[in-house]
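> Fold the following, please.
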Amino acid sequence: MRWLQALLIIFNLALLLAEAIPDPQSWQTRVHSSIAGTSRHLQSSCETSSFPELKPTYLESRAAGVEWAGADDQHVFTVTAKSMIWRSKDGGSTFEDITERFNGSIKGEEPISITQILSHKISPNKMIFVNSWEYMWTSNDYGETLIPHKNPGGFHGSGAMLKAHPAQPDWVLAHARRPGCKLLDVLDMRCASDLLVSQNAFTDLTWQNLTANAAGKIAGFVDWGWAMSACMKSSCEGLGLPDTAIFATMYEKPGDWDKPWDPDVHFVRSEDWFKTIKQKIPCGNQFEQLGRQLYLAVSNSCPQDMSGKPRTVDPSGPPGISLHTSQDGGATFREACLPVALKQEGYELLETHDGEGALVIVDYLVKTGMGNLQASSAYTAGPHHALFSVSLSSIYKQDALSSSTDFLRVDGVPGVFIANQLLPTTSGAGMGMKIKPVVYSRMTFNGGGTWQPIKAPTAFNYKKCDRCGGAKECSLHLHGASSWFFGSIQFPSVYSNPSAPGLLVGSGNVGGEGVGLDDNDGLCTWLSFDGGFSWTDIAEGTWIYEYADWGGLVVMSKHELNGPADEVSISNAALPAVPCWHFGAIGRSSSSDTS
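Numbering: from 1, shown residues only. Next up, the predicted model:
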């Protein structure tokens, strides 16, 4: 999760803080100060520090993406909504428009619209820029000079995705839709895609077409990835996976891939750029690599078993897929046992803290008096990551536009997860009519074994945030990922980062029994320093937030739902008992948006 404005200034702010904020040791007797805009008052025991006014770069349109190149945090690239590309060489303090450099290098042959930027893992000055059309560029000096390369076969960057090899930094895989595909073809899954590899991607950028290498055995690729992309070389020992190993799903005849969970799509493994296929699992439609585990979704309508032998398909059997797991790099699989069928509504895998397995999040529909609501259930794995049991049901999903479920792994704190649960209420003079769901936040500290409410604080810094009303049992409810990623109404979701174990920030409200997550009343921003065990209100309304210095700094700015932002708030998070906020003015008030 990244908030664009915070990201563009956060490292510059850290440098300012080093000079402007007093020695943290002198903060030991200081207390919390308000950050509620013009009504803010600072208690005398918490002195503010004077910052120079923050002067952001005003781009020609909204920032659509940010890419950092290198470990020094100095080279930053921003692509805007109008397809302009801006570069910073000083950690985001200043930006320059370098779009014309791309345009001039190809003499205006095609419009410039950068869709992806890759940086070399060892030598980050070497970069690849992917255009929406037929060109890519390489650079060995952070984009100062550009070398254009026309894509083989004329495929367009808008229909392509590149993945660098985790152990061979010069190697890149590209999954590219073939030229001539129309929108209708994409929707009907009839648009074929090729898989290509370059072993000199950051210099000469020459490609091998792996579909052509297969010599008619493959008509198109669906899912794909480097075999060791999840476990990395150090933890793949003993799995027999060479650097050239690739996992993919494919179909053998043109037009075969024409429906979800298609029995004509198969899982394959190759170690020689698909000149030969070392392994094939019939009807393996989609795979996911998490640590040493490989998860494979196999169509239930498959006319063959995992070994390729014919089998009888029961037309009345459950639709969708069965999930299979492998602990030996895909050499062998065993079927995962879940107490629910994986249907077409979808599922997702969430990696466990130890990187050794996953929780399975299964989507389904809940019928209510107001129509169907989307929800999910979470299942945790037993031995061999094959036997799963339900951990939490009725997990909330804001609406059909949401790309995620409200289920969060708290990074850096093993076994801790936060979820929002859907509980319907009733009304109507004993009629028992289900009309409106109530959403409660729940938390587990033992990997999903037991779940409990998030206890509200007993003291509040802001009167507006206290909606407990004297209730004996009062809980905190926090917005989750479904209201942040593509939800119809976007609220900042609860956020953690593995570089700052135990530090959590989120937006939501407190309420007594029967009161759940509310989009308006008592909406505040909350912070926890102890992995969610205790919380404090740090601002009224919704704010966006980011961490720096391994959690030593928290940077916040007003979210667009909270009105225009005219300042950035910074706290030394190393002192959880006495968080003291400092403020830097923005050159002019603006809507603080997110990406």
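> distance between stretch 310-323 and the chain's centre?
32 Å (C-alpha atoms, centre = their mean, to the nearest Å).
> Restricting the selection to alpha carbons, write that stretch to PDB.
C-alpha atoms of stretch 310-323 as PDB (Å, rounded to 0.1, in the frame of the first residue of the first chain):
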ATOM      1  CA  PRO A 310      -9.100 -40.900 -18.100                       C
ATOM      2  CA  ARG A 311     -11.700 -40.400 -15.300                       C
ATOM      3  CA  THR A 312     -15.500 -40.200 -15.200                       C
ATOM      4  CA  VAL A 313     -16.900 -36.700 -14.500                       C
ATOM      5  CA  ASP A 314     -20.100 -36.400 -12.500                       C
ATOM      6  CA  PRO A 315     -22.100 -33.600 -14.200                       C
ATOM      7  CA  SER A 316     -24.000 -33.100 -10.900                       C
ATOM      8  CA  GLY A 317     -20.700 -32.700  -9.000                       C
ATOM      9  CA  PRO A 318     -19.500 -29.300  -7.500                       C
ATOM     10  CA  PRO A 319     -18.600 -26.700 -10.100                       C
ATOM     11  CA  GLY A 320     -15.400 -24.700  -9.900                       C
ATOM     12  CA  ILE A 321     -12.000 -26.100  -8.900                       C
ATOM     13  CA  SER A 322     -10.200 -28.300  -6.400                       C
ATOM     14  CA  LEU A 323      -7.000 -27.000  -4.700                       C
END
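> how about that stretch: buried residues?
Of the residues in stretch 310-323, those with enough neighbours to count as buried (16 or more other C-beta atoms under 10 Å) are Gly320, Ile321, Ser322, Leu323. Glycine gets a C-beta too; all of them are placed from N, C-alpha and C.
> and if you look at stretch 206-214?
So for stretch 206-214, counting by 16+ other C-beta under 10 Å, buried means Trp207, Gln208, Asn209, Leu210, Thr211, Asn213, Ala214.
> In contact with the closest residue to the last one other than its chain neighbours, which residues?
Closest residue to Ala214 apart from its sequence neighbours, by C-beta to C-beta, 6 or more residues apart in numbering: Phe274 at 4.6 Å. The contact partners of Phe274, taken as C-beta atoms under 8 Å, 6 or more residues apart in numbering, are Leu195, Leu210, Thr211, Asn213, Ala214, Lys217, Ile218, Ile246, Val268.
> Gln286 now?
Taking C-beta under 8 Å, 6+ apart, we find Gln286 in contact with Val222, Asp223, Thr249, Leu296, Ala297, Ile321.
> How about Asp272?
So Asp272 contacts Thr244 (C-beta under 8 Å, 6+ apart).
> Same question for Cys283.
By C-beta under 8 Å, 6+ apart, the residues touching Cys283 are Asp262, Pro263, Asp264, Val265, His266, Val298, Ser299, Ser301, Cys302, Gln304.
> show me where this structure has helices.
4-20, 99-105, 183-187, 210-213, 232-235 (DSSP state H).
> rank these by pLDDT, which is bottom?
Among those, helix 4-20 has the lowest mean pLDDT, at a mean of 39.
> Kindly reformat the contacts of Phe274 as JSON lines containing distance to Met84.
Output for the contacts of Phe274, formatted as JSON lines (distance: C-beta to C-beta, whole Å):
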{"residue": "Leu195", "distance to Met84": "31"}
{"residue": "Leu210", "distance to Met84": "34"}
{"residue": "Thr211", "distance to Met84": "34"}
{"residue": "Asn213", "distance to Met84": "38"}
{"residue": "Ala214", "distance to Met84": "40"}
{"residue": "Lys217", "distance to Met84": "43"}
{"residue": "Ile218", "distance to Met84": "38"}
{"residue": "Ile246", "distance to Met84": "35"}
{"residue": "Val268", "distance to Met84": "41"}
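> Which residue, other than its chain neighbours, is closest to His165?
Trp171 (3.8 Å).
> To what extent is that neighbour buried, counted in neighbours?
Neighbours of Trp171 under the rule other C-beta atoms under 10 Å: 19.
> Now for it: which residues touch it?
Residues in contact with Trp171 (C-beta under 8 Å, 6+ apart) are Ala164, His165, Val197, Ser198, Gln199, Ala201, Asp243.
> Same check on Ile361?
So Ile361 contacts Tyr347, Glu348, Leu349, Leu350, Ser376, Ser377, Ala378, Tyr379, Ile395, Thr405, Phe407 (C-beta under 8 Å, 6+ apart).
> ok, what's across the strand from it?
Glu348, Ala378 (DSSP bridges).
> Tell me, how many residues neighbour the residue nearest to Arg292 when sequence neighbours are not counted?
Spatial nearest neighbour of Arg292, excluding adjacent residues (C-beta to C-beta, 6+ apart): Cys231 at 5.3 Å. When counting by other C-beta under 10 Å, one arrives at 21 neighbours for Cys231.
> Pretty sure Cys231 sits against Ser326.
No. In terms of C-beta atoms under 8 Å, Cys231 does not count as a neighbour of Ser326; the distance is 11.9 Å.
> Take the contacts of Ile361 and write them to a markdown table, including distance to Glu110 and neighbour count.
A markdown table is the format used below for the contacts of Ile361 (distance: C-beta to C-beta, whole Å; neighbours: other C-beta atoms under 10 Å):
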| residue | distance to Glu110 | neighbour count |
| --- | --- | --- |
| Tyr347 | 39 | 23 |
| Glu348 | 36 | 16 |
| Leu349 | 38 | 17 |
| Leu350 | 40 | 16 |
| Ser376 | 42 | 26 |
| Ser377 | 47 | 21 |
| Ala378 | 46 | 22 |
| Tyr379 | 47 | 24 |
| Ile395 | 45 | 25 |
| Thr405 | 39 | 27 |
| Phe407 | 42 | 27 |
